[in-house]
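J.: Starting from these lines, generate the structure:
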Amino acid sequence: MAAGETQLYAKVSNKLKSRSASSLLDPLLAMGFPAHTALKALAATGRKTAEEACEWLHAHCHDPSLDDPIPQEYALFLCPTGSLLEKLQEFWRESRRQCAKNRAHEVFPHVTLCDFFTCEDQKVECLYEALKRAGDRALGSFPATVPLVLHSSISYLGFFINDSPADVIRGFAMAFATEASILADCIVKPCTKQLHLTLANKFYPHHQRTLEQLARSIQPGHSCQWTASLYSRDMRFVHYQTLKARFQYKPQNVDELTLSPGDFIFVDPTQQEEASEGWAIGTSQRTGCRGFLPENYTERASEADTWVRHRTYTFGLAMDLNSRKDGGTSGRRNGDSCPSPMSRSLSSSQVLQATIVRRSVLVVHHGERLDQIFGKSWLQQCSTPDGKFYRPDLNVPRSLPRRSNGIKDFENDPPLSSCGIFQSRLAGEALLDSGIRVTAVFASPALRCVQTAKHILEELKLERKLKIRVEPGIFEWMKWEASKTTPAFMTLEELKEANFNVDPEYRPAIPSSSLMPAESYEDYVDRCAVSMGRIIGSCPPDMGVILIVSHSSALDSCTRPLLGLPPRECGDFAQLVRKIPSLGMCFCEENKEQGQWELVNPPVKTLTHGSNSAFNWRNWISAS
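T.: From the prediction side, this is the model:
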């Protein structure tokens, strides 16, 4: 060991006056790691175990910033536990599902006690002592029940803490700041403003009422022991976007990142000029290396997913931090699940039941179709005299998939327009942000429906994981089809050749040959009911969201059987479904407790846009 490192090690040991400090550092130094990088690894892993710090160092062997003196940023939060935490987490899930993601979903339920501050790696142990001293001082006066008062505004919803309990909590935060300054030479700014626990922040104003209704189910009197938790984060990536790898990726070039499922990657959206479409440049949290990565191998993650939890002080239990072994309370990087003594007592079956997502069905109307914009003669407008396809307008896609009978088969099976493709991707992007878990996808055999499903899955980063199950039974009511014969759909082989990930093993409830032009309304709704029975029956009972992409009529005919409702009158049905816009959605959720399905708010907002008529520049010149 170099002389300077020996002096640093001795200084740290004397400063901490704790056997636990050297017990973690000694094994790392014995392995030959320099003291400054060993301390950095301990701080980055929450000083849990020497083994975890050693793994961190081996993973970061090619990290160009390994020797840089960059400290972690720390913050202290007051976190609920017990049944109150369970209610808050339920609110988190429901608010995200019904009203989409807002800023509150980036972090776990908490009351902020101080701003983020830096602490040198060799002084982190002193922060733990500061937390214990401040906690011991506040323990006798900490309120048995913390009163929470609901407050709502046009862009904020949360609980406020008022009166003397707030004064006690602020006093605890002030004591921690003072102790941290003395013991760890840190400048800590304690929270002096209104103490609050945020439920929703920066949401759309029209969601305020729904969020308020969800919040009223949280009773502030729920049993709870409050825990002061110390977290850290990498200060370099505070304003970056966080991605999480979903699949393994082996680099094809030296400038690409290796990805393992669960890896977190920090991406700066403002520094992506060098990346090609579908790729990003990011820094791996696991290795510290920077490089290119395929975006479709990742999904969006929350800000706090990469935070490291260090030490806690639970009020009401008088838990002595010095009596714990290093790492006995920390190392969890996902603050969304702050464990409590109550949660540890749950049986494994209870934990499993708590993680099961309610089975849901999302029925989606396909995107804008070409004949909807260019009329019945759209194919003639897009064909050359020798029968080849060409693009006469920007709202016509660049190309069409190959069909065995040529371009004429598109006449009664039109594809999406360029805007229809954009609409589908926009909906898929919104579904990704909403956080729903799509686990199966079914589509009408109409090309426009299969296309819509494909683009939604691409935005959900599921196009390789989920196969589209083509179900003719959910095709449009045949009376509304222009063709006088059974539609000529693209075969599964043609769809696969056109790069659609369809499931060749799926056996539909209704074969295409059963679709007859003279179909009555009663036959149509019966067909949809049978198809929905097959769809639900083909999916395990603990599935998440079943995505069904079909026609406007399916939003009624595919949901009413689930809801146990009889078919509408034919005239009412026609009037209703013809008003459904592109990418309109209906969302049904299974209530197992009551043994029935319910119609609930879709997970994403509606898509509204105006018409854009054709423009002829010659008319402009002649008018001048």
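J.: shouldn't residue 467 be in contact with residue 496?
T.: No: applying CB atoms under 8 Å as the test, residue 467 and residue 496 come out as separate, 10.2 Å apart. C-betas here are computed from N, CA, C, even on glycine.
J.: more crowded one of the two?
T.: Neighbour totals were compared for residue 467 and residue 496, and residue 467 leads with 17 against 13 (other CB atoms under 10 Å).
J.: What sits closest to that one if chain neighbours are left out?
T.: With sequence-adjacent residues excluded and distances taken as CB to CB, 6 or more residues apart in numbering, residue 467 is closest to residue 503, at 3.7 Å.
J.: any idea of the pLDDT on the one you found?
T.: Here, the pLDDT recorded for residue 503 equals 95.
J.: what's the distance between it and residue 541?
T.: According to CB to CB, to the nearest Å, residue 503 and residue 541 sit 20 Å apart.
J.: Tell me which of those two has more neighbours.
T.: A count of neighbours by other CB under 10 Å puts residue 503 above the other of residue 503 and residue 541, at 15 against 10.
J.: Below-threshold pLDDT in the stretch 1-150 of the chain: ranges please.
T.: Residue ranges of the stretch 1-150 of the chain with pLDDT under 70: 1-22.
J.: Tell me which stretches of it form strands.
T.: 72-79, 111-112, 117-119, 149-152 (DSSP state E, counting those that start in this stretch).
J.: Just say which of those strands is most tucked in.
T.: Comparing those by mean neighbour count (mean count of other CB atoms under 10 Å), strand 72-79 ranks first with a mean of 23.
J.: What segments of the stretch 51-200 of the chain are helices?
T.: 82-99, 124-139, 163-184 (DSSP state H, counting those that start in this stretch).
J.: what's the answer for the stretch 401-550 of the chain, then?
T.: Going by DSSP H, counting those that start in this stretch, the stretch 401-550 of the chain shows helices at 418-434, 447-459, 492-497, 521-537.
J.: and of those helices, who's closest to residue 572?
T.: Among these, helix 521-537 comes nearest to residue 572, with 11.2 Å by CB to CB.
J.: What sits closest to the residue most central in space within the chain if chain neighbours are left out?
T.: Closest to where the C-alpha atoms of the chain average out (CA atoms, centre = their mean) is residue 435, at 3.8 Å. Of all residues not flanking residue 435 in the chain, residue 96 sits nearest, at 4.8 Å (CB to CB, 6+ apart).
J.: Equivalent analysis for residue 274, please.
T.: Among residues not flanking residue 274 along the chain, residue 281 sits closest, at 6.2 Å (CB to CB, 6+ apart).
J.: One more: residue 388?
T.: residue 407 (7.5 Å).
J.: How many residues are close by the one you found?
T.: 16.
J.: and if you look at the one 3 residues further on?
T.: Residue 410 has 23 neighbouring residues, counting by other CB under 10 Å.
J.: for the one 10 residues further on, same thing?
T.: Residues near residue 420, counting by other CB under 10 Å, number 26.
J.: for the one 3 residues further on, same thing?
T.: For residue 423, the neighbour count with other CB under 10 Å is 23.
J.: Give me the neighbour count for residue 190.
T.: Counted with other CB under 10 Å, residue 190 comes out at 19.
J.: and what of residue 284?
T.: Per other CB under 10 Å, the neighbour tally for residue 284 reads 22.
J.: Just want the phi and psi numbers for it.
T.: Main-chain dihedrals, residue 284, degrees, to the nearest 10: phi -80, psi 130.
J.: hmm, back to that, need the strands of the stretch 1-150 of the chain in CSV (columns: distance to residue 371).
T.: Below are the strands of the stretch 1-150 of the chain laid out as CSV (distance: least, CB to CB, whole Å):
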stretch, distance to residue 371
strand 72-79, 56
strand 111-112, 55
strand 117-119, 62
strand 149-152, 47
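J.: quick one: the strands in the stretch 351-500 of the chain?
T.: Using DSSP E, counting those that start in this stretch, strands in the stretch 351-500 of the chain cover 360-365, 438-443, 468-470.
J.: Distance to residue 47 and mean neighbour count for those strands - can I get that in CSV?
T.: Converted to CSV, the strands of the stretch 351-500 of the chain look like this (distance: least, CB to CB, whole Å; neighbours: other CB atoms under 10 Å):
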stretch, distance to residue 47, mean neighbour count
strand 360-365, 42, 25
strand 438-443, 39, 24
strand 468-470, 48, 25
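J.: could you dump those to CSV with mean pLDDT and distance to residue 571?
T.: Shown next, in CSV, are these (pLDDT from 0 to 100; distance: least, CB to CB, whole Å):
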stretch, mean pLDDT, distance to residue 571
strand 360-365, 95, 20
strand 438-443, 95, 28
strand 468-470, 96, 31
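J.: and the end-to-end length of stretch 39-57?
T.: Distance across stretch 39-57, first residue to last, is 10 Å (CA to CA, to the nearest Å).
J.: Quick one: residues in contact with it.
T.: Here stretch 39-57 makes contact (CB atoms under 8 Å, 6 or more residues apart in numbering) with 12, 23-28, 31, 33, 37-38, 60, 66, 71-72, 119, 121-122, 124-125, 128, 232, 234, 308-310, 326-327, 330-332.
J.: One more: stretch 258-268?
T.: The set of residues external to stretch 258-268 that reach it, using CB under 8 Å, 6+ apart, is 234, 236-237, 239-251, 257, 280-287, 293, 297-298, 301, 305-306.
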